[in-house]
Every structure is written in C-alpha cells, then in structure tokens.
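Chemist: with the sequence up front, the predicted model follows.
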Amino acid sequence: MMIPAEWGDWAPAQARDWIAVPGAHDDKYSRGVLGLLTGSADYPGAAVLGVEAALHSGVGMVRYLGPQRAADFVLARRPETVTAIGRVQAWLLGSGMDAAARDAPTSASLASALAEGLPTVIDAGALDLIGAATGPVVITPHARELAGVLGRVGITVSAEQIAEAPGEWAVRAAESLAVTVLLKGSVTHVASPLGVRLTVARATPWLATAGTGDVLGGVLGALVATHSDRIRADAGALASLAATASLIHGLAAHRVSAGGPFTALDLAGTVSQVVRDLATGNPEL
Ligand SMILES: NC(=O)C1=CN([C@@H]2O[C@H](COP(=O)(O)OP(=O)(O)OC[C@H]3O[C@@H](n4cnc5c(N)ncnc54)[C@H](OP(=O)(O)O)[C@@H]3O)[C@@H](O)[C@H]2O)[C@@H](O)CC1
Ligand SMILES: Nc1ncnc2c1ncn2[C@@H]1O[C@H](COP(=O)(O)OP(=O)(O)O)[C@@H](O)[C@H]1O
C-alpha cells in the first residue's frame, strides 16, 4: 500500500478562501442550489439535519427531494426549503438511507441524480452507488462505511484496520475509487485521487453523538453547491471544500459544546456563526 507522502493540517486561514460571500449582483440561483436526496421512513431526522446544516452554511437555495414523510418534517422545521423538482448545482445523496432497504423509486431518483454529471456528495446509504456517478464525487464515510465501500471493489479490510491507519486507507480508497474521500474520525482525513492529503484535527469527542455526520453532509453539500463551477473546472477543489466543511463542523462543535454535550440540531444551528467568522476574518478562529 502507498504510504501517504505528506499530510497537511487544514487551517482557518486556508478555509476562508472557500467561503462564497455573496455580492451585489448575486441572487439565490447564482449563489448555488443544493439538491438533497436524503432521509427515509426509518431515518427522517437525517434529512432535517442535513437541510438545517446546509441552510446555515450559506447557500442560495435548498431543494429537498426525498421521501414525503421526511419532506414533511423538513418543511415543518425549515419552510425556506423548496420541495419542488428543479435545477440544482450540486447533490447530497444518501444520509439517513439504508442501501439494503432502499425502495425502487428512491434508487431511481438516486440514479437520475448521479447521471446529471454534477458535483456530488455521497454519504451513508448511497455509498454503494459511487460507480454510477458521472460527475466529480466526494464521499463521506466513517471507518465502517469505508470498509463496506472497499469490500465492494474487492479490497478486504475491517473497520478496525481502517481506524488504525486512517490516512493510508483514505488514500487507498481515493486511488481505487477515483473519488475524493473524507474519512470521518477524531481526526478527519481527506484524500484525493490527484494526491492531495489533508487532515482536520479541530473536532471534539463530544461530536460522537447521533446525527453529527448528517450535519457534516449538509455543510459540505452547501460548500460544493456554492463552488460548482470551480469544481467543474478543477475537481481538485473538492478536497479543499471537504477539509473546509470538516473544519467548520469541528469549530462549530467546540463553540456549541463549550466543554459539554450538545445535540446535532444545535450543532447545525451554530454553523452559521463559524461561517460568519471565517468570512469576516475573525482572528480568534
Ligand atoms: N436522526 C437520524 O435520522 C440519524 C440517522 N442516521 C443514519 O443512520 C444510518 C446508519 O448509520 P450508522 O453509522 O449508524 O450505520 P452503520 O455503519 O450501519 O452502523 C451500524 C453498526 O452499529 C452497530 N450498533 C448499533 N447499535 C449498537 C449499540 N447499541 N451498541 C453497539 N453497536 C451498535 C451495529 O452492530 P450490530 O448491532 O449489528 O452488532 C452495526 O455494526 C445512516 O444512513 C445515517 O445517516 C445516523 O446518522 C444517526 C442519526
Ligand atoms: N471521538 C470523536 N472525536 C472527534 N470527532 C468525532 C468523534 N467521533 C465522531 N466524531 C465526528 O462526528 C461525526 C460522526 O459522524 P457519523 O459517524 O456519520 O455519525 P452519524 O451517522 O450519527 O451522523 C463525524 O464528523 C466524526 O468525525
């Protein structure tokens, strides 16, 4: 296995360059629209968390196009969300889905989104569909999910082995799958097929609570939607955006935690404060 050449720790000064600040000529469409196919009858809450996080990250519009039960919860929490079908600049797929339990309409919707060639974040219950993507992809597995993804391409590894050497396995996955990999953990590792290797070490162990990964998906989805043109010109941008999303997530966690427990929904609500501090160059970050 290839040993990672050099890992660089991603810092707020670098993340600042990846916050899309709207200008006088922007409207909601020019800022970027994120489409979400997330949530399921079993996990409708993941849809709410992803939408909440995307809206707090600074995006022009969120189109939530998942199952009706989840859409009802999403709209009850966030009436800003649009549930009408329409054009998007990027997709977030799979959070709160179980690949083994996906129904035919959901699989068809995922296939259709993947065929559009748009920048796409693939999480959780859509990770089995990486090979169907036609655009630039970033995947957001934890160690157990990455073991499953690698198993599907004939690489046998356990979640425990991945947790022991996360950097090496993130690189192996990026090279084998030809996608950007954001491997979640106490330190997050981002590896791209082009050789970018970034770590983000700003998290807190209080993040080990249900739903925080769904929040990360929403943050990354928003960043990708607001940089869609740039990604299409240079797929390498996905690694910088993935590291920025993880950094925002970790900084928001510290802020909402202040040394104690917090909920995933409250984490999502804190993301906008961190994005503001990055955008305004707050030196305290
Ligand atoms: N609010 C929402 O809607 C949320 C929705 N979410 C969504 O859920 C989906 C699945 O995500 P995930 O990461 O949990 O799934 P996965 O990698 O299959 O892990 C399963 C493994 O866990 C283990 N296990 C289970 N219970 C255990 C126990 N008590 N103590 C110890 N082990 C236990 C279990 O082991 P087993 O019980 O089989 O022995 C198995 O190995 C995904 O779509 C995500 O987005 C989440 O984000 C949460 C918030
Ligand atoms: N011990 C830890 N220390 C720091 N961050 C953690 C720790 N455990 C989990 N995290 C972070 O919390 C998030 C959990 O995501 P995930 O496992 O997908 O949870 P869920 O499926 O419940 O949303 C990831 O961003 C991960 O990096």
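Modeler: Everything's here; your move. Ligands and ions are numbered 1, 2, ... in the order given.

Chemist: ok, how many other residues are close to whatever residue of the stretch 51-200 of the chain ends up closest to ligand 1?
Modeler: As assessed by C-beta to the nearest ligand atom, ligand 1 sits closest to residue 124 within the stretch 51-200 of the chain, at 3.5 Å. Glycine gets a C-beta too; all of them are placed from N, C-alpha and C. Counted with other C-beta atoms under 10 Å, the neighbours of residue 124 add up to 24.

Chemist: check contacts around it.
Modeler: 46, 94-97, 145, 213, 217 (C-beta atoms under 8 Å, 6 or more residues apart in numbering).

Chemist: filter those to the buried ones?
Modeler: Among those, those buried by neighbour count (16 or more other C-beta atoms under 10 Å) are 46, 94-97, 145, 213, 217.

Chemist: out of those residues, who's near ligand 2?
Modeler: residue 213 (C-beta under 6 Å from any ligand atom).

Chemist: looking at the buried ones among the contacts of residue 124, which are in helices?
Modeler: 46, 145, 213, 217 (DSSP state H).

Chemist: report the two of those separated the most.
Modeler: Farthest apart among these by C-beta to C-beta are 46 and 145. That separation is 13.7 Å.

Chemist: residue 247: which element?
Modeler: Using DSSP states H and E, residue 247 maps to helix 237-257.

Chemist: ok, that helix near ligand 1 or not?
Modeler: No - on the criterion C-beta under 6 Å from any ligand atom, helix 237-257 is out of touch with ligand 1, staying 13.6 Å away.

Chemist: for the residue of the stretch 151-285 of the chain found nearest ligand 2, give me its contacts.
Modeler: Going by C-beta to the nearest ligand atom, ligand 2 is nearest to residue 213 of the stretch 151-285 of the chain, at 2.0 Å. For residue 213, the contacting residues are 95, 123-124, 140, 142, 184, by C-beta under 8 Å, 6+ apart.

Chemist: export the buried ones among the contacts of residue 124 to a markdown table and tack on pLDDT and distance to ligand 1?
Modeler: Below are those laid out as a markdown table (pLDDT from 0 to 100; distance: C-beta to the nearest ligand atom, whole Å):
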| residue | pLDDT | distance to ligand 1 |
| --- | --- | --- |
| 46 | 98 | 4 |
| 94 | 98 | 7 |
| 95 | 98 | 4 |
| 96 | 98 | 4 |
| 97 | 98 | 5 |
| 145 | 98 | 5 |
| 213 | 98 | 5 |
| 217 | 99 | 8 |
